[in-house]
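**Q** Task: produce atomic coordinates for the following.
(2 chains)
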Amino acid sequence: EDKVVQSPLSLVVHEGDTVTLNCSYEVTNFRSLLWYKQEKKAPTFLFMLTSSGIEKKSGRLSSILDKKELFSILNITATQTGDSAIYLCAVYNNNDMRFGAGTRLTVKP
Amino acid sequence: KAGVTQTPRYLIKTRGQQVTLSCSPISGHRSVSWYQQTPGQGLQFLFEYFSETQRNKGNFPGRFSGRQFSNSRSEMNVSTLELGDSALYLCASSFRFNTEAFFGQGTRLTVV
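**A** Model prediction:
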């Protein structure tokens, strides 16, 4: 059965720390992997990754995909309290988009 | 440009009733996907519509159905509501399936 596993499930850091969130997947007919940030309701799109080894970057956030080892990481540098949220990883196959359970990140002042 | 709009934002229904939720995608987007989010199961894919046709369907009972109109707006219907249908229902809009998907604010459905 297809699955997307995120780790850790929960993480507490202090402002200024750097964090790495992990997403591993076992999905037939993999097409792409996406990262979202969910604060209250609507998940906000962060990145979409289709090619292995190519880093996507936006400000303090970056992400990379390893299609051989079937995982992706999301890095956040110099964390701020506004980064507190649930970070969701999702994988497209031919038929649906499957989400992981999410990582709840709490950034303390 | 305007984002994805879902209506209503909140709904309270009684077991056995039916409900219809609406999603207006971003202008130019032709794919609309629906998801159910619960604390226990997380985000689960319901179905995806593209150009008025259901292209993909998740593992949900037939009580969950949907449709898409020629302007790409989509509706989702749940019949014979059960307590377990209480959830946040999210729709996502994209140019086509397997492209960047943008979510609406969701409809919070409570079944009592």
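
**Q** tell me, what residue is most central in chain B?
**A** residue B:34 (3.4 Å; CA atoms, centre = their mean).

**Q** Mind checking if the helix or strand that residue falls within is in reach of chain A?
**A** Per DSSP states H and E: residue B:34 is located in strand B:31-38. Yes: with CB under 8 Å from any CB of the partner chain as the criterion, chain A is reached by strand B:31-38 at B:33, B:35. For the C-beta atoms, the positions are set from N, CA and C on the backbone; glycine is no exception.

**Q** For residue A:62, which non-adjacent residue is closest in space?
**A** Using CB to CB, 6 or more residues apart in numbering or on different chains and skipping the chain neighbours, the partner closest in space to residue A:62 is residue A:75 (4.9 Å).

**Q** show me what contacts the one you found?
**A** A:18-21, A:61-63 (CB atoms under 8 Å, 6 or more residues apart in numbering or on different chains).

**Q** Out of these, flag the one nearest to chain B.
**A** residue A:63 (13.5 Å; CB to the nearest CB).

**Q** Give the next helix or strand downstream of the host helix or strand of that closest one.
**A** Here residue A:63 sits within strand A:61-66, counting by DSSP H and E. Stepping forward along the backbone from strand A:61-66, the first helix or strand reached (DSSP H and E) is strand A:71-76.

**Q** Could you confirm whether the following helix or strand past that next one reaches chain B?
**A** Remark: after strand A:71-76, the chain's next helix or strand is strand A:85-92, criterion DSSP H and E. Yes: under the criterion of CB under 8 Å from any CB, chain B is reached by strand A:85-92 at A:88, A:90, A:92.

**Q** export strand A:85-92 as CSV, just CAs?
**A** Extracted in CSV, the C-alpha atoms of strand A:85-92 (Å, rounded to 0.1, in the frame of the first residue of the first chain):
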residue,chain,number,x,y,z
ALA,A,85,2.8,25.4,11.9
ILE,A,86,2.1,21.9,10.7
TYR,A,87,4.3,21.0,7.7
LEU,A,88,2.7,18.5,5.3
CYS,A,89,4.4,16.4,2.7
ALA,A,90,2.3,15.1,-0.2
VAL,A,91,3.1,12.8,-3.1
TYR,A,92,1.3,12.6,-6.5
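
**Q** what packs against the following helix or strand past that strand?
**A** Remark: after strand A:85-92, the chain's next helix or strand is strand A:97-99, criterion DSSP H and E. Under the contact criterion of 3 or more CB pairs under 8 Å, 6 or more residues apart in numbering or on different chains; DSSP states H and E, strand A:97-99 touches strand A:3-7, strand A:85-92, strand B:42-50.

**Q** Okay, angle between the longest one and strand B:31-38 too, please.
**A** With axes from the mean of the first three to the mean of the last three CA atoms, to 10 degrees as the basis, strand B:42-50 and strand B:31-38 are set at 160 degrees to each other.
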